[in-house]
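S.K.: whatever this is, show me its structure:
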Amino acid sequence: QALLLPRIVSAGDVYDLSAVLVAAESGTHVAEVRVVAEGRKDVLLHGIDDLARRVRRGLGESVQSIAKADIPVTAMTTSSWEALRLLGQGQEAWDHGQYRDAEGFLELALEKDPRFASARGTLGLLQIQFLGEIEKGRDNLRRALADSGPLPERERLMIRAVNLQFVDQDSDAALEQYRIVCEMYPDLMQPWNNRGRILMALHRYEESARMFEQAAKRAPRSSVPLSNLYYLHVNKMRRPDLAERDARRLIALSDGIANYHAMLGWSLVAQQRYREAVAPLERAVDIDQSHP
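M.R.: Predicted coordinates:
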């Protein structure tokens with residue numbers, strides 16, 4: 001029935017935080033709640049929490065209910081703006097296939113806040129899935145799970161699921177956990193993608209491809225599900241024609257990634273379209289002279 005639109009505006013060291021309630025059908029403003037924070041640090045330590053409480057009271061939630069479920073935003077995320085920024089940079093680098101850069105950003109985020117469970121869980125997954133650092137990744141996933149208590153439900157459920165998948169290596173339990181997350185939060189890319197990874201390992205390739213496509217629909221700017229589709233089609237299903245389509249979708253996302261052009265070239269070679277393969281392979285070397 002309504003949308004809640006948040007905003008933070010600064011004037012020197014004073015920050016004005018507001019939340020406007022807008023009627024979804026008419027677009028009219030129903031109500032506005034405002035608080036003022038003195039200094040950037042105070043926005044995280046007090047301002048956002050104060051704004052949230054006022055909004056909840058305005059929407060009719062009881063004082064007792066608010067007190068029972070009043071978790072500080074710094075406990076659910078981090079008390080460090082810098083750590084939050086570095087997490088965002090790490091996720092963006094991962095989306096563009098720059099895995100070592102992503103690892104560096106995430107490690108820096110954890111230097112700023114070692115209890116930042118979202119950053120640690122993201123780092124653990126990156127290390128296991130794309131960097132071959134299995135034991136380091138598992139250790140980070142265990143630590144993220146131990147610190148996941150205050151997290152929002154969807155993040156807590158995802159950290160539990162990835163621990164089932166990569167630490168406990170219980171595929172059946174992980175598939176069920178991801179299915180639950182997909183039902184509860186159908187717009188999240190990660191649970192669909194991870195279901196695809198498990199199904200691929202179980203040789204259920206058609207089901208796996210459907211999961212990766214669902215993931216790609218939910219995150220159309222992410223390279224992760226498309227890369228998984230490519231390797232599924234090339235290595236498991238022996239369908240280089242479909243892999244060619246995946247590689248072209250990746251290039252459309254980011255033309256400056258050498259590996260995407262190499263992937264296209266290889267898919268053409270696998271179809272014995274050798275002359276066509278030359279151009280993308282040359283393009284990969286132009287972008288990265290040391291590309292293997």
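
S.K.: next one: the closest residue to G149 other than its chain neighbours, what pLDDT does it get?
M.R.: Nearest-residue entry for G149: R156, 7.6 Å, with adjacent residues in sequence omitted and distances by C-beta to C-beta, 6 or more residues apart in numbering. To be clear about C-beta, it is placed using only N, CA and C from the backbone, and glycine gets the same treatment. In the prediction, the pLDDT value recorded for R156 is 91.

S.K.: over to G256?
M.R.: Predicted confidence (pLDDT) for G256: 93.

S.K.: which residues of this protein score low on pLDDT?
M.R.: By pLDDT under 70, the chain has no low-scoring segment.

S.K.: which residues of it fall in strands?
M.R.: With DSSP state E applied, the chain shows strands at 2-11, 14-23, 29-38, listed in chain order.

S.K.: tell me what the first one is packed against?
M.R.: Of the remaining helices and strands, those touching strand 2-11 by 3 or more C-beta pairs under 8 Å, 6 or more residues apart in numbering; DSSP states H and E are strand 14-23.

S.K.: what ranges does the stretch 101-250 of the chain have for its helices?
M.R.: Under the criterion DSSP state H, counting those that start in this stretch, the stretch 101-250 of the chain carries helices at the ranges 117-130, 134-146, 153-162, 171-184, 189-201, 205-218, 224-231, 240-253.

S.K.: save the ones you listed as a markdown table, and put in mean neighbour count and distance to G265 too.
M.R.: Below are the helices of the stretch 101-250 of the chain laid out as a markdown table (neighbours: other C-beta atoms under 10 Å; distance: least, C-beta to C-beta, whole Å):
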| stretch | mean neighbour count | distance to G265 |
| --- | --- | --- |
| helix 117-130 | 24 | 21 |
| helix 134-146 | 18 | 30 |
| helix 153-162 | 20 | 33 |
| helix 171-184 | 17 | 34 |
| helix 189-201 | 22 | 23 |
| helix 205-218 | 19 | 22 |
| helix 224-231 | 23 | 12 |
| helix 240-253 | 19 | 8 |
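
S.K.: CSV please, covering those helices and showing distance to K41.
M.R.: What follows is the helices of the stretch 101-250 of the chain, written out as CSV (distance: least, C-beta to C-beta, whole Å):
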stretch, distance to K41
helix 117-130, 19
helix 134-146, 25
helix 153-162, 24
helix 171-184, 33
helix 189-201, 31
helix 205-218, 34
helix 224-231, 34
helix 240-253, 37
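
S.K.: circling back to that earlier point, mind checking the strands of the chain for the one nearest to N235?
M.R.: Shortest separation from N235 across those is recorded for strand 2-11, at 44.1 Å, computed as C-beta to C-beta.
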